[in-house]
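>>> requesting a structural model of the entry that follows:
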Amino acid sequence: MKPYPVIASITEEGQIAQAMASKVRRLNLMTGNINNLQQIVSALRQAGKQVYVHVEMVGGIGRDAAAIEYLAETVKADGIITTKSQAIATARQHGLRSTQRLFAIDTSAFETALRMIASSRPDEVELMPGLMPRIIREMRARIRQPLIVGGLIRHPEELREALASGADYVSVGNAALWHAHN
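Residues are numbered from 1 along each chain as shown. Sure thing, here's the model as predicted:
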């Protein structure tokens with residue numbers, strides 16, 4: 001059985017309780033700060049959720065090796081999300097899974113993204129924005145990693161179209177869509 005394909009992107013702390021109560025298994029944490037991060041991650045993991053921390057969006061977390069080590073050893077995150085290739089290598093050294101977030105804004109950015117993936121070898125790739133069926137199909141055909149798409153997805157049919165186009169998962173911040181896939 002394929003895992004539930006919706007990932008809850010938690011962009012504000014008020015969404016944490018909803019995410020904990022949802023059937024979504026994977027959470028991308030893009031809120032909080034260094035002072036409350038360990039507590040948030042611990043509560044989410046106790047609720048049976050996998051937690052990936054977006055290192056560029058959580059307050060007080062840098063992109064250096066010490067920050068990644070802190071997320072692995074102290075916070076006990078399951079993985080990280082980052083736009084930085086160097087953070088991917090550091091995460092691997094500390095036993096954290098990694099998601100490389102990429103923005104396909106034009107052909108050049110798409111080709112650069114493919115080179116970054118080949119170089120950094122993340123565990124997963126997140127392609128933004130997620131409303132591009134043709135680009136999703138092309139990326140799916142050219143990478144081996146699981147493909148997550150997200151950004152600007154506002155309706156259940158957009159979520160379903162992204163999955164039908166080859167995405168393995170769809171990352172959405174709208175809690176109503178956390179239950180949209182059947």
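>>> over to K84: give its phi and psi.
Dihedral angles of K84 (phi, psi; degrees, to the nearest 10) stand at phi -100, psi 120.
>>> and for it, nearest residue in space, chain neighbours not counted?
With Cβ to Cβ, 6 or more residues apart in numbering as the criterion, K84 has its nearest non-adjacent residue at 5.2 Å, and that residue is R63. C-beta here means a position set from N, CA and C on the backbone, and glycine is covered the same way.
>>> show me where the protein has its strands.
Ranges of strands within the chain are 6-10, 26-29, 50-54, 79-82, 97-103, 124-128, 147-150, 169-172, based on DSSP state E.
>>> grab the CA positions of stretch 49-65 and hand them over as PDB.
C-alpha atoms of stretch 49-65 as PDB (Å, rounded to 0.1, in the frame of the first residue of the first chain):
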ATOM      1  CA  LYS A  49       4.200  12.000  12.700                       C
ATOM      2  CA  GLN A  50       7.400  12.200  10.700                       C
ATOM      3  CA  VAL A  51       8.800  15.800  11.000                       C
ATOM      4  CA  TYR A  52      11.100  17.400   8.500                       C
ATOM      5  CA  VAL A  53      12.400  20.900   9.500                       C
ATOM      6  CA  HIS A  54      12.800  23.600   6.800                       C
ATOM      7  CA  VAL A  55      16.100  25.000   7.900                       C
ATOM      8  CA  GLU A  56      15.600  28.300   6.100                       C
ATOM      9  CA  MET A  57      12.200  29.000   7.600                       C
ATOM     10  CA  VAL A  58      12.500  28.100  11.300                       C
ATOM     11  CA  GLY A  59      13.700  31.100  13.300                       C
ATOM     12  CA  GLY A  60      17.200  30.900  14.700                       C
ATOM     13  CA  ILE A  61      18.300  27.800  12.800                       C
ATOM     14  CA  GLY A  62      21.200  28.500  10.500                       C
ATOM     15  CA  ARG A  63      22.300  26.500   7.400                       C
ATOM     16  CA  ASP A  64      25.700  25.600   8.800                       C
ATOM     17  CA  ALA A  65      26.900  22.200  10.000                       C
END
